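Novice: predicted model and sequence below, questions to follow.
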Amino acid sequence: MDIAVAAIDPADPVAAEQAYGIVAAGTAADLPDFPPVCRQHFFGRLRHDRPSTRFERALAYAGGVAAGFLVLQLPQRDNLDNVVVDLTVHPGSRRRGVGRALHRYAVRRARELGRKRLVGAAVEGPSGGSAFAAAVGAVPALAEVRRRLDVSRVDSPALSELLAANAPRAAGYRVVRWHGAVPEEYVEDVAYLDARLSTDAPRGELAWEPEQVDAVRVRETEEAIAAWGLRMYHSGLRHEASGRLVAWTTLELAASTDWHAFQGITIVDPGHRGHRLGLIAKVENLRYVLAHEPALTVVDTWNAASNEHMIAINEALGFRPVDRWVHWQQPI
């Protein structure tokens, strides 16, 4: 079958709809327990780049029909050797060479741009994403496990007891919460904590440099999140003696979904660890989002398989394993 790959203009409404249809069909087939792909989120990401990251997109056409969609994410301030690849083939067009055509395009563009490796993630299972990554020469670099919280099974009294039992260790810290943009008084602390995640979180063999995050980058990310339509809930712990935010966690919901949330970052300043601040922040943020999102029924989170500390916290909250994901990388 004749397969052609071409870059697309995100402003092209026909190409954008074709890309959306491919990703929506792929998600429904490969991750049936996920919510349908949110249109506002998808088209917001398609059309709203930001200075710290540039994107290129391409469609693969098999016999003249749009059959695969490729996103190349190009960091602009750090990790300048890397290209993050997100490749989706429509379920009806798989095992016909569409994925390989998109991969060849990704390799060519990465080399043209002076990048040295491709990185990407795939869920293990019948979708064949991991098998495809291995077949094109990528190697596994980091294993993660997705865990899901069934909100209907959350034991509120048990969470209260968990907080009460750990409160003495967090003396001198105060819980703070916000919805949406970071309050100005905490923006520098959030930038510091965000940057620490790329240093402190287990990376396995993944070649990923610490990210350079400052207040400007925090604000540009918030602008993108607003364009994507995400509802963001934040909780953290403020160190009363210094006034600094030293622990921070987030939960996010897509514009079109009220029953599903993704757990985002959870990070504690190394100088303030050992006080159970991560656990307290996550419990408080779960309570916060449930107070504002009464239809929420499930929360998904990912942890490196080696991150025993965070896994223990999630298990204590009621998260249970669902599937395994692998981050792949390929020197080019």
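Specialist: Thanks, I have it. Numbering: from 1, shown residues only.
Novice: next, the buried residues of the longest helix belonging to the chain.
Specialist: Longest helix in the chain by number of residues, with DSSP state H as the criterion: helix 13-30. Within helix 13-30, the residues scored as buried using 16 or more other Cβ atoms under 10 Å are 15-16, 18-20, 22-26, 30. Where C-beta positions appear, they are placed from N, C-alpha and C, glycine not excepted.
Novice: check stretch 41-58 too.
Specialist: 41-46, 49-50, 52-53, 55-58.
Novice: which one among the buried residues of helix 13-30 gets closest to Thr250?
Specialist: Nearest to Thr250 among the buried residues of helix 13-30, counting by Cβ to Cβ, is Val23 at 23.4 Å.
Novice: and the closest one, how far from Val14?
Specialist: Applying Cβ to Cβ, to the nearest Å, the value for Val23 to Val14 is 15 Å.
Novice: quick one: secondary structure of Ser242?
Specialist: coil (DSSP: H, G, I helix; E, B strand; the rest coil).
Novice: okay, now the residue nearest to Pro202 when sequence neighbours are not counted: neighbour count?
Specialist: In this structure, Pro202 finds its nearest non-sequential neighbour in Ala304, 3.9 Å apart by Cβ to Cβ, 6 or more residues apart in numbering. Neighbour count for Ala304, taken as other Cβ atoms under 10 Å: 18.
Novice: if we can go back for a sec, what is the nearest of the buried residues of stretch 41-58 to Ser160?
Specialist: Looking across the buried residues of stretch 41-58 and measuring by Cβ to Cβ, the closest to Ser160 is His41, at 33.8 Å.
Novice: show me what contacts the closest one?
Specialist: 228-230, 254-256 (Cβ atoms under 8 Å, 6 or more residues apart in numbering).
Novice: Gly129 and Val89, how far apart?
Specialist: From Gly129 to Val89 the distance is 10 Å (Cβ to Cβ).
Novice: these two: which has the busier surroundings?
Specialist: Val89 (28 against 23).
Novice: what values do phi and psi take at the more buried one?
Specialist: phi -110, psi 130 (degrees, to the nearest 10).
Novice: about what we covered before: give the buried subset of the contacts of His41 as a PyMOL selection command.
Specialist: Selection of the buried residues among these in PyMOL, burial being defined by 16+ other Cβ under 10 Å:
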select buried, resi 228+229+230+254
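Novice: chain neighbours aside, what residue packs nearest to the one residue sitting closest to the centre of the chain?
Specialist: Centroid-nearest residue in the chain: Gly264, 7.0 Å away (criterion: Cα atoms, centre = their mean). For Gly264, the nearest residue in space outside its immediate sequence neighbours is Thr250; the separation is 3.6 Å by Cβ to Cβ, 6+ apart.
Novice: ok, now Gly236?
Specialist: Counting by Cβ to Cβ, 6+ apart, Gly236 lies nearest to Trp248, which is 4.1 Å off, once chain neighbours are set aside.
Novice: give the contact list for that neighbour.
Specialist: So Trp248 contacts 189-190, 193, 234-236, 265-267, 281 (Cβ under 8 Å, 6+ apart).
Novice: kindly report the same for Glu124.
Specialist: Shown in contact with Glu124 (Cβ under 8 Å, 6+ apart): 130, 323-326.
Novice: what would the buried residues of helix 13-30 look like in CSV with pLDDT and distance to Leu277?
Specialist: Output for those, formatted as CSV (pLDDT from 0 to 100; distance: Cβ to Cβ, whole Å):
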residue, pLDDT, distance to Leu277
Ala15, 98, 46
Ala16, 98, 42
Gln18, 98, 46
Ala19, 98, 41
Tyr20, 98, 40
Ile22, 98, 42
Val23, 98, 37
Ala24, 98, 39
Ala25, 98, 42
Gly26, 97, 38
Asp30, 95, 36
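Novice: got any ranges where the stretch 51-200 of the chain has weak pLDDT?
Specialist: Nowhere does the stretch 51-200 of the chain drop to pLDDT under 70.
Novice: kindly report the domain assignment for this protein.
Specialist: 3-115, 147-322 (automatic domain parsing).
Novice: which among those is found nearest to Ala122?
Specialist: Of all the domains of the chain, domain 3-115 sits nearest to Ala122, with 9.0 Å by Cβ to Cβ.
Novice: okay, how far is it across that closest one, tip to tip?
Specialist: Chord length of domain 3-115, first to last residue, is 25 Å (Cα to Cα, to the nearest Å).
Novice: what are the boundaries of the strands in the stretch 101-250 of the chain?
Specialist: In the stretch 101-250 of the chain, the strands defined using DSSP state E, counting those that start in this stretch lie at 117-123, 139-150, 173-179, 231-239, 244-253.
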